[in-house]
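# Sequence plus predicted model, see below.
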Amino acid sequence: MICKELSYYTMFITDAESNEDMADVVIECLNALGILVSVEYSENKVIEAWVRDDEGNAVIVFMTPYDQGVVKCRK
């Protein structure tokens with residue numbers, strides 16, 4: 001999840017053993033940034049959320065698959 005205006009960057013890793021629902025965790029993170037105004041899912045698998053910050057400014061938060069940004073190596 002990325003919000004350039006707030007310098008906010010969070011990576012989510014799914015875990016089959018976790019009891020937490022991904023949607024609930026994402027909404028919790030968005031609510032921590034401010035008042036959630038809207039959430040849209042685009043055809044290119046990007047979630048766009050608009051959040052109103054403490055100063056009343058609307059900022060956009062993007063969430064997109066980023067598998068290509070993860071480099072796996074041996075220990």
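Received the coordinates, thanks. Numbering: from 1, shown residues only.

# Going by C-alpha atoms from here, please, whenever you check contacts or count neighbours.
Fine.

# what mean pLDDT would you report for stretch 36-55?
Stretch 36-55 shows a mean pLDDT of 92.

# Buried residues, that stretch. List them.
Leu36, Val39, Ile47, Glu48, Ala49, Trp50, Val51, Arg52, Asp53 (16 or more other CA atoms under 10 Å).

# Tell me who's in contact with the fourth one.
Contacts for Glu48 were tallied using CA atoms under 8 Å, 6 or more residues apart in numbering; they are Val39, Glu40, Tyr41, Ser42, Ile60, Val61, Phe62, Met63.

# all strands for this protein, in order.
2-3, 8-9, 35-41, 47-52, 58-63 (DSSP state E).

# who wins for proximity to Arg74 among those?
strand 8-9 (25.5 Å; CA to CA).

# Kindly spell out which helices and strands sit in contact with the closest one.
strand 2-3 (3 or more CA pairs under 8 Å, 6 or more residues apart in numbering; DSSP states H and E).

# All good on my end, thank you.
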